[in-house]
Structure formats: C-alpha cells, structure tokens
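Participant: sequence and predicted structure, then a few things I'm wondering about:
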Amino acid sequence: MIAVVVPCYRVVDRVLSVLSGIGPEVDAIFCVDDACPDHSGELILRECTDSRVTVITHERNRGVGGAVITGYRAALKAGATVVVKIDGDYQMDPGLIPCFTGPILNGRADYTKGNRFTKPGDLRGMPAVRLFGNSVLSLFIKFSSGYWNVLDPTNGYTAIHADVLRRLPLDRVSERYFFESDLLFHLRMIDAVVMDMPITAKYDGESSSLRWWKVLPGFILRSIRNSFVRLFYSYLIKDFSLATLMLILGFMLLTFGSIFGVIRWLQSISTGISASAGTVMLAGLPVIIGLQLLLGFLGYDISSVPRTPLSSLKKN
C-alpha cells in the first residue's frame, strides 16, 4: 500500500491540482490542514471527490514537520508500506511518485529524497534566496547527518519505507523548518539508506514565506548540535576504530597548536620579540598534523555512508 501525505497551509489555490495529479498507484492520500487560515481542509472536503483522500485538521499550527508527522502516523495506522510526502503548493510533480517509491519497493533504499541540482539548467527558476540558503545549509546538514551523498538535503519531496518510519522517534523530530534536516539525522542514527531522486521544482515566480536570515542561525546551531551527537554516538558508543583515534588526536593537536600559537603571537606583539623557529614549529606542526588527521577522518566518514537498506535486511 502506498500512501501520500500532503501538508496544507496557505495552498488553497494549488492543492486541488496536486491531488488531481496523483496517479492510481497511490492507495491513500492524507491531507493535513495545519490550522490553515484559508481553511484548506474545508476546501478539499468540499471540492475533491477522490475517495482516497482523508482530511486531518490541526487545531493549532504545528509547522510543516508537525503536519507531516501527523500524516505519517495516519498512514502507518492505515497499513501503508511506503509513505510519500509531497507539498500542496504544486512545486513538486505528483507524476514522479512512482520514481520515489520504486527504489524502496525494490529494496534499494529506505528513504528517497528529491534533488533539484541534477542539471544546471534546473537552477534558473530557483529564487536566489533559496539557492543561497540551500548552499549554506547543505554543508552543515551533510556533516550533521553523515549523508554526504545527499545533494539537496532541504528538499521536501520524499518517500520512506513504513518499517523504517516505525523505527524513528517521531516525537523527537523537529516540527518546524528544521524537519527535513532533523529527519536525516535520525535516519543516520539507525543507518538507513538514503537515495537522491532527480526532480525539477516548479516556482512560477512566487516568493517564499521562509525568511532565511531569520531561520539560518537556528539551522546552524541545531546542525552543530546534531553533529556532536552523531559523532559521539557513531565513533565512541557504537564503534571505536582508527577513525575515532584520528578524530580525537586530530582535534586535540589542532586545538593545542592553535591556542599555543595565538598565545605566543600575542606575546611577541606585546614584547616586540620575534618568536624563535622552535616556537613556530611547536605551534605549526600540531596544526598541520591535526588537520591531516581530521581530513583523514572526514574521508572515512564520507565513505561510511550506509549502503544496505534496513528494509532488505528484515526480509533476509
């Protein structure tokens, strides 16, 4: 059974087009009215005649993540095998749903995610603020989640296997704009396989309600927090390997060399006496070795992206 979750907030002019574009391969559609001021849920109930559609209404706005989580839980309760999430603003082509569910049903992935950067020409319609925000966030999200193979981590066109979804702590996943990124972090904690799917987003010149300059600091702080949690769990709790030693020694040497070098540099400025060659080496060598160790660790981390889907392991 394939289910689709459509979070609805200020999408009354487009959501019906989204629903009409969902093909017969989908068995159930859950539209979550996230306390929409335009009453999108009422519009769907009044205008949509598709028997697959179920409308769920939030009494208060919980954000896109909260709406999707509500839809996820409803889809699991209905017995879905794969759950697709697609936005209600028609920026995502509903006709691509089989492309997202195929790798999951075939046992090649646990979670598929849209990628708008497959072809350079696809970037021409993307608003500059989104392109800039996505570029800045991508590096932080890749490091915090460990999915270095995911090229568009903030993209919201996704599909997930129900067995994997049940293993996620949905009550701990962020319900606001950090939702997609935080979900990737929790997927990495259980070593789920994530696969990119090429898509072309539709913008049609509308402006985004997301103000990157307001949410960017929160994104970065939460990404840093998730990075520390992931590294601690993956390389100290779940496994202790050569990569762990490279991470610890590299961090210690880089920190020592940097602090020692700054202190000596300030002393040289205050006294007017140049630092000796030995002092420079004592500061520079730990920095160089530390950077090399950290780069070696980074290479190991990139190569350790999960390759075997959890859903296929269960079948075996």
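Facilitator: Perfect, I can see it now.

Participant: for Val82, what are phi and psi?
Facilitator: phi -130, psi 140 (degrees, to the nearest 10).

Participant: that one and Thr271, how far apart?
Facilitator: Distance, Val82 to Thr271, using CB to CB, to the nearest Å: 68 Å. In this view, the C-beta of every residue, glycine as well, is placed from N, C-alpha and C.

Participant: low pLDDT regions in this structure?
Facilitator: Applying pLDDT under 70 to the chain picks out residues 120-134, 201-215, 313-316.

Participant: so which residue is smack in the middle of it?
Facilitator: In the chain, the residue lying closest to the centroid (CA atoms, centre = their mean) is Ser181, at 2.8 Å.

Participant: picking that back up, so which of Val82 and Thr271 has more stuff around it?
Facilitator: Neighbours per residue, other CB atoms under 10 Å: of Val82 and Thr271, the larger number sits with Val82, 26 against 9.

Participant: now do the helices in the stretch 101-250 of the chain.
Facilitator: 128-145, 162-167, 179-189, 212-232, 242-271 (DSSP state H, counting those that start in this stretch).

Participant: how near is the residue nearest to the centre of the chain to Phe219?
Facilitator: 7 Å.

Participant: shared neighbours, these two?
Facilitator: Here Ser181 and Phe219 share the contacting residues Leu137, scored by CB atoms under 8 Å, 6 or more residues apart in numbering.

Participant: hang on, the earlier thing: list the contacts for the residue nearest to the centre of the chain?
Facilitator: Here Ser181 is in contact with 137, 141, 144-145, 153-154, 174, 219, 222-223 (CB under 8 Å, 6+ apart).

Participant: can you rerun that using 10 Å?
Facilitator: When contacts are counted by CB atoms under 10 Å, 6 or more residues apart in numbering, Ser181 touches 65, 137-138, 140-142, 144-145, 153-154, 174, 219, 222-223, 226.

Participant: same question for stretch 28-39: list its buried residues.
Facilitator: Residues of stretch 28-39 classed as buried: 28-36 (neighbour count, 16 or more other CB atoms under 10 Å).

Participant: most widely separated two among those?
Facilitator: Ala28 and Ala35 (22.5 Å; CB to CB).

Participant: show me the strands in this protein, by range?
Facilitator: Applying DSSP state E to the chain gives strands spanning 2-8, 28-33, 53-57, 82-85, 111-115, 158-161, 194-198.
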